[in-house]
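In: Coordinates for the following, if possible.
(chains A and B)
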Amino acid sequence: MTNKLSGAQILIECLKAENVTDIFGYPGGAVLEIYDAIYNSDINHYLVRHEQAAAHAADGYARSTGKVGVCIVTSGPGATNVVTGIATANIDSIPMIIISGQVGTTSIGKDAFQEADLTGITMPISKHNYLVKDIKILAKVIKEAFHIARSGRPGPVLIDLPKDVAMEKTEYKPITTIDIPTYKPTIKGNAKQVKAVISFIERSKRPVLFVGGGVVIADAHKELMSFVEKTSLPVIPTLMSLGVFPFDHPLCLRFSGMHGLAHANMAIFEADLIIAIGMRFDDRITGKITEFAKNAQVVHIDIDPAEIGKSIPVDLPVVGDAKAVLKDLNSLLKKNLPKKEQWLSRIQELKAKYPLAYEKNTKAIKPQAVVETIAELADEQAIIATDVGEHQMWAAQYLHHRRPRKFLSSGGMGTMGYGVPAAVGAQVANPDKQVITISGDGSFQMNLQELSTISFCKLPIKIIIFNNRFLGMVRQWQDLFYEKRYSEVDLEGKQPDFVKLADAYGILGLRIDNVDDLKPILKQGLDHAGPVLIDVRIEREENVYPMVPAGRVLNQMKYTDKDAE
Amino acid sequence: MKHIISILVEDKPGVLARISGLFSRRGYNIDSLAVGESETPPYSKMTVVVQGKEHVLEQITKQLHKLIDVYKVIDLTSTQTKFITRELVLIKICTNSGSRSEIMQIVHTFRGRIIDVSEKSMNVEIVGDDEKIEAIVKLFNKFGILEIVRSGKIAISRGSKTRR
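Out: Residues are numbered from 1 along each chain as shown, chains lettered A, B, ... in the order given. Predicted coordinates:
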């Protein structure tokens, strides 16, 4: 007699076959069977306190390791709660599997209790999804789902599993091969086009190299470094790739765009060639799209053909994986290309002319100084997750960014509430590394229930709240573009005591409201063995500069409050 | 400009929703959409007529191709291949004893068929391209059209080369 397994047991076997060791989730009626199977398995399950956090934790797990993050939620509200997390992972191309429970197959479409059409809801915000109505295809679906999530341009894949399918029993045969005739990502770039990239560089006078999240996903930072050494191209990482090329490298222009560094924006404005690898010319990077790098030819290398020509016209397209294409380029470059000395000295000139700057020696605590102090005190290998807003931009500007997969931030979706649960995922995946969340007082409160997960799973995460008692980024826009009409952004006197809050969860809470305490208390917090929450009372109305106002050209930056119109 | 896109998809639940959803969320307008089994199950062939400039159509075809269940996408209008389009139209026309024979003559001339006759109306089946359908609808207008049902356009390439 063959040994039959339930759908839920098959799911666990398949997860093990994919080398999944950790999952994030929240139980419920439709996933009782799955949780019963988890009870006996050696997969580590981390109980979050809200399903959105399960998705962000799986996301942080994936971003910090490159592995597929996995979360499990129940049907209906459990599943709709992960929608934000799926959209966040999708737009940033993060490999993730979401298992959602579903009502029994005979109840589907009948508006049953806790029924929601999750495949319908997630169709536009996931890479792919499945509703598994037949237990015989379950193992195949899971195999395919992992393959789709991690290959090509990665993304989240949802598997909706009805309760009766999870309960039904069948013989389990492990699936070892995958054949999806309709899905064959292009990995190797077209040889002619790859070769042409080099002649584009040779013919150019003022080239820049744009590298995006695709280079991180492809684990191509070493190939990138040798390509830059061979070509001496100035490098501009995007928010999604910070760390893929060290910020302190002389050829690194740090990042560009709305709150990017002025010299990077000026370099793009002056460039006659842009070589973009694994990035998608997001509107936060281009500014006014019709004026973006008007005098430059564009070479676009991306694994997703739909990105090429989507936002800006491209002179040379190369469809392929960043690592594969960089390897091919490197092997074509037998010797180093001559340096474009004039352009490189112009770059140095721009760097000297437009440094990042903020007012120093003030009584108030400047947020930029907080980031600089964190950068100084944090471990070399620390992983830093951010939330979304002003603090995110200061973190992007002032952290050292020397290694890939160390800066986790919601780029495309700009999801407030991402930072704390993403750090949970990163800490689970990297138990020996220091994990820090840089958050704002607004963002932090969007997923603060995860203090419970952090405390009771004993995750030694350091949460640093940049507390200006404002929804700061919105306030900045109201300051600059709405005549300081601060509509619904002032949180002064409308906040809990974060130190007491930490204490209630059994987490060490610290407060910094004096500039002299900044370094010693940050050090005390970062050195603490367990989880810590540090409430830093920063200057209330500090704005993020430089800033390219929405819809403006990259060279039309504001540098200080005085530039404000 | 009108483009005719031929899409070969794996016939899975939800595939039509994936495709129509992609058109709506990216802001592309569908003029017509016809779908049916192809010569090789489990693949189905969809013919979509869509309006748009060259670069918009390029995005549409690329985005369609990104869908996991889509096997092949061809913008027939922008290839060198010659192709034929057809559409089936069913028209219900007001009739009386006086108009019936004139209508039958028109239908005959257009190589259509009368598929149902009642005291006050007649159902006519017409197959053709845009021009022919437009012409016959214009002629029928004077009798009074009660209802028109169109299948949406389908297309196939000329010659022995297949578009797979």
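In: Correct me if wrong: A:P156 contacts A:S93.
Out: No. Assessed by C-beta atoms under 8 Å, A:P156 is found out of contact with A:S93, at 9.4 Å. (Glycine included, C-beta is placed from N, CA and C.)
In: Which one's more surrounded, the two?
Out: A:P156 (34 against 24; other C-beta atoms under 10 Å in any protein chain shown).
In: list the contacts for the residue in chain A that chain B sits nearest to?
Out: Of chain A, the residue with the smallest distance to chain B, taken as C-beta to the nearest C-beta, is A:A306 at 3.8 Å. Going by C-beta atoms under 8 Å, 6 or more residues apart in numbering or on different chains, A:A306 touches B:59, B:62-63, B:65-66.
In: closest to chain A among the residues you listed?
Out: B:K62 (3.8 Å).
In: now what about the strand or helix carrying the closest one, what contacts it?
Out: Following DSSP states H and E, one finds B:K62 within helix B:54-66. Contact with helix B:54-66 is made by A:304-306, A:309-310, B:3, B:5, B:7, B:19, B:22-23, B:26, B:28, B:50, B:52, B:70, B:72-75, B:78, as judged by C-beta under 8 Å, 6+ apart.
In: Buried residues, that helix. List them.
Out: Judged by neighbour count (16 or more other C-beta atoms under 10 Å in any protein chain shown), helix B:54-66 contains these buried residues: B:56-64, B:66.
In: could you redo the residues you listed as a markdown table and give each row pLDDT?
Out: Shown next, in a markdown table, are the buried residues of helix B:54-66 (pLDDT from 0 to 100):
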| residue | pLDDT |
| --- | --- |
| B:V56 | 89 |
| B:L57 | 91 |
| B:E58 | 92 |
| B:Q59 | 93 |
| B:I60 | 93 |
| B:T61 | 94 |
| B:K62 | 96 |
| B:Q63 | 96 |
| B:L64 | 96 |
| B:K66 | 96 |
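In: residue contacts, residue 75?
Out: No chain specified, so I'll use chain A. A:28-31, A:100-103, A:114-116, A:118, A:163.
In: my bad, chain B
Out: So B:D75 contacts B:3-5, B:57, B:61 (C-beta under 8 Å, 6+ apart).
In: Equivalent analysis for B:D31, please.
Out: Per C-beta under 8 Å, 6+ apart, neighbours of B:D31: B:2, B:49-51.
In: residues in the stretch 201-350 of chain A within reach of chain B, list them.
Out: Residues of the stretch 201-350 of chain A lying near chain B by C-beta under 8 Å from any C-beta of the partner chain: A:304-306, A:309-310.
In: Low-confidence stretches in the chain?
Out: In the absence of a named chain, chain A is used. Applying pLDDT under 70 to chain A flags the ranges A:1-2, A:564-565.
In: right idea, wrong chain: chain B
Out: B:163-164.
In: where along it do the helices fall?
Out: Listed in chain order, the helices of chain B (DSSP state H) span B:15-25, B:54-66, B:100-109, B:130-140.
In: can you list contacts of the longest strand along chain B?
Out: The strand that spans the most residues within chain B, counting by DSSP state E, is strand B:83-94. If you take C-beta under 8 Å, 6+ apart as the criterion, strand B:83-94 is touched by B:4, B:32, B:76, B:103, B:115, B:120-130, B:133, B:136-137, B:140, B:143-158.
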